[in-house]
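Q: quick check, what structure comes out for this input:
(one chain, ligands or ions: 1)
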Amino acid sequence: MTAETENITRIKVIPEKQGAFEYIKISCPMPYGLYGEIRTPGYIFGFNRNGEIKTIQGRSGEWLTCAEWLKRTAGNDWQYFSAGGYTGAYNYTGEYYIPCLPYQTNAIFGENVFERHEVKEAFKQWHHLRGEIERLDFTRFSAAEESFLRQVLEMAPEKLRQRGELLHKIIGGMVTVLPPDTRHVEYDVIPVVVADGCLYNCGFCRVKSGRGFSVRSRQAVVEQIEALKHFYSRDIINYNSVFLGQHDALYAGRDMLCFAAQKAWEIFELEKSVMKGPRLFLFGSADSMLTAEENLFETLNRLPFSTFINVGLESADPHTLSVLQKPLNREKVVKAFDRMTGINRKYQNLEITANFVIGARLPDTHLPSILELTRNRLAHFYPKGAAYLSPLEEIGDKNRLLTKFNEFKTLCRLPAYIYLIQRL
Ligand code: SF4
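A: A predicted model of the protein is given here:
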């Protein structure tokens, strides 16, 4: 057997496969939408419809478990989805996996998986696979297989890096944090930035831009959406969700939000997406919640998306707000929380979630202040409108923090999860 015949029998090429068309909560790798696949005896490599590598999963004894997989984002970050090694993942994240990230974040779970032998080996095998494909005689493959393999070759690591940079250039910078609610679509969102900066520039925050709040022009938003359509190209059919960035898009107001959401719907042709259940995600703040007119929520509720707004409240304790250097008072936080719960009950297609902090060195009055909102102000458990707890830099003893979280979760009358900062 020649080296090439051996390669052909070793490598199984499937240019187009069909995954699930609806996001589901499951504890094993689930391919979504339309994608291509190359299988070797040791690995399954998944590719999007532009030939960019998207997932790697081990198949042999070397790989820890079939419930772990690597996934690449459009911003060219690799994430490791760990479902096998953690008990209670769902309790902490609302998903059956823990996303492990290769960059500095507020993660409180596990070690750096990217240092593990089998993860390093998986990346090595991807590079090895590219070398094998280069040596293949393409005349032995069907036209569809050949075209797919050529696309895969074209999307070399350097090109993928450049494409990640191009995405950030189109939207005007990296998305430093995605709303926690984007977990519902496994973080597969198209980012469209409608406003920059935020209202508070809080002292504790590690994702802030440091800029004052400003809304982009309609023309800039349309140009951005058109450039994004070109960027996502053939793979756009696999997206049905949009993140309107960045840190307080809600403050951009009704006209801009509805304009951007509708333009994204039309230009991305989201009604043609193979994925069901389109969703819109954005961040809000206490002030944007309180100043928003009711017709903003009425209009969002009528859009062809289910809309999720994550509001950063952080604490209802004046001492903690002062420690965090967040220029908010308790009264505003309580009012914003009450409006959030009111909207969640009134509008079927809207879900407002709240973000609070958790950390080792916060005043003892902090967690009781959140329970005052999420327990005492609610008559019973409400399944809509999660409370996310975002670990601060100084988390201290991880187990102690998770115990605190579990105690909070038991008493909280909203679904409660840990919030991991993920970028795009
Ligand atoms: S917590 Fe929110 S409002 Fe405060 S600085 Fe960070 S992004 Fe801005």
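Q: how about the residues of this structure near the ligand?
A: Cys198, Tyr200, Asn201, Cys202, Cys205, Val207, Lys208, His247, Ser285, Gly312 (C-beta under 6 Å from any ligand atom). Heads up, the C-betas are built off the backbone N, CA and C, glycines and all.
Q: am I right that the last one is in a helix?
A: It refers to Gly312. No: Gly312: not assigned to a helix; according to DSSP: H, G, I helix; E, B strand; the rest coil it is strand.
Q: now the residue positioned nearest the centre of the chain, what's its secondary structure?
A: With distances taken as C-alpha atoms, centre = their mean, the residue of the chain nearest its centroid is Tyr187 (2.8 Å). Under three-state DSSP, Tyr187 falls in the coil class.
Q: what's the separation between it and the ligand?
A: Tyr187 sits 18 Å away from the ligand, taking C-beta to the nearest ligand atom, to the nearest Å as the criterion.
Q: now that residue: how far from Leu250?
A: 20 Å (C-beta to C-beta, to the nearest Å).
Q: so what does Tyr90 look like in phi/psi?
A: In terms of degrees, to the nearest 10, the main-chain angles of Tyr90 are phi -60, psi -40.
Q: report how many residues lie close to the residue lying closest to it once chain neighbours are set aside.
A: Using C-beta to C-beta, 6 or more residues apart in numbering and skipping the chain neighbours, the partner closest in space to Tyr90 is Tyr96 (5.4 Å). Under the neighbour criterion other C-beta atoms under 10 Å, Tyr96 is assigned a count of 16.
Q: can you tell me the helix or strand for Tyr96?
A: In this assignment (DSSP states H and E), Tyr96 forms part of neither any helix nor any strand.
Q: so how far is Arg377 from it?
A: Per C-beta to C-beta, Tyr96 is found 31 Å from Arg377.
Q: do Leu167 as well
A: Computed as C-beta to C-beta, the Leu167 to Arg377 distance reads 41 Å.
Q: what does Cys205 give?
A: With distances taken as C-beta to C-beta, Cys205 is found 26 Å from Arg377.
Q: neighbour count for those two, which is higher?
A: Here Cys205 and Arg377 are compared on neighbour count by other C-beta under 10 Å; more neighbours surround Cys205, at 21 against 14.
Q: look up phi and psi at the more buried one.
A: Main-chain torsions, Cys205, degrees, to the nearest 10: phi -80, psi 130.
Q: got it, and Trp78?
A: Main-chain torsions, Trp78, degrees, to the nearest 10: phi -90, psi 140.
Q: so who does it touch?
A: Under the criterion of C-beta atoms under 8 Å, 6 or more residues apart in numbering, the neighbours of Trp78 are Leu70, Lys71, Arg72, Pro102, Phe114.
Q: residues contacting Gly51?
A: Taking C-beta under 8 Å, 6+ apart, we find Gly51 in contact with Gly36, Phe148, Arg150, Gln151, Val152, Leu153, Glu154, Met155.
Q: tell me the SS of it?
A: coil.
Q: what is the least confident helix or strand in the chain?
A: helix 3-10 (a mean of 56; mean pLDDT, DSSP states H and E).
Q: residues in contact with Val207?
A: Taking C-beta under 8 Å, 6+ apart as the contact definition, Val207 lies against Thr176, Val177, His247, Ile421.
Q: returning to that earlier point: most neighbours, which of the contacts of Gly51?
A: Ranked by neighbour count (other C-beta under 10 Å), these have Gly36 at the top, with 25 neighbours.
Q: circling back: buried members of the contacts of Trp78 into ChimeraX, please.
A: Typed into ChimeraX, the next command selects the buried ones out of these (criterion: 16 or more other C-beta atoms under 10 Å):
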select :70,71,72,114
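Q: from the contacts of Trp78, pick the one nearest Lys17.
A: Minimum separation from Lys17 among these (C-beta to C-beta) is found for Lys71, which lies at 16.0 Å.
Q: contacting residues for the closest one?
A: Contacts were defined as C-beta under 8 Å, 6+ apart; by that measure Lys71 touches Lys54, Thr55, Trp78, Gln79, Tyr80, Phe81, Glu186.
Q: can I assume it sits in a helix?
A: No: counting by three-state DSSP, one finds Lys71 to be strand, located in no helix.
Q: what residues does the nearest residue to Lys208 once chain neighbours are set aside make contact with?
A: Computed as C-beta to C-beta, 6+ apart, the closest residue to Lys208 that is not its neighbour in sequence is Asn201, at 5.5 Å. Under the criterion of C-beta under 8 Å, 6+ apart, the contact partners of Asn201 comprise Lys208, Gly210, Gly212.
Q: let me know the pLDDT of Asn201.
A: Here the pLDDT value assigned to Asn201 is 91.
Q: try the one 5 residues further on
A: Among the per-residue scores, Arg206 holds a pLDDT of 84.
Q: grab the nearest non-local neighbour of it.
A: Glu393 (7.0 Å).
Q: okay, now the one you found: neighbour count?
A: Every residue meeting other C-beta under 10 Å relative to Glu393 is counted, giving 11.
Q: quick one: the strands in the stretch 151-300 of the chain?
A: Under the criterion DSSP state E, counting those that start in this stretch, the stretch 151-300 of the chain contains strands at 190-193, 195-196, 214-215, 241-245, 279-285.
Q: got these as CSV, with distance to Met340, mean pLDDT and mean neighbour count columns?
A: Written out in CSV, the entries for the strands of the stretch 151-300 of the chain read as follows (distance: least, C-beta to C-beta, whole Å; pLDDT from 0 to 100; neighbours: other C-beta atoms under 10 Å):
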stretch, distance to Met340, mean pLDDT, mean neighbour count
strand 190-193, 24, 98, 22
strand 195-196, 20, 97, 22
strand 214-215, 23, 98, 14
strand 241-245, 18, 97, 26
strand 279-285, 9, 98, 25
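Q: can you put these in a markdown table and add distance to Leu300?
A: Output for the strands of the stretch 151-300 of the chain, formatted as a markdown table (distance: least, C-beta to C-beta, whole Å):
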| stretch | distance to Leu300 |
| --- | --- |
| strand 190-193 | 15 |
| strand 195-196 | 15 |
| strand 214-215 | 17 |
| strand 241-245 | 10 |
| strand 279-285 | 8 |
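Q: looking at the ones you listed, which is closest to Ala387?
A: Nearest to Ala387, of all the strands of the stretch 151-300 of the chain, is strand 279-285, at 14.7 Å by C-beta to C-beta.
Q: which other helices and strands does that closest one contact?
A: strand 241-245, strand 306-314 (3 or more C-beta pairs under 8 Å, 6 or more residues apart in numbering; DSSP states H and E).
Q: circling back: what is the nearest of the contacts of Lys71 to the ligand?
A: When the contacts of Lys71 are compared for distance to the ligand (C-beta to the nearest ligand atom), Gln79 wins out at 21.9 Å.
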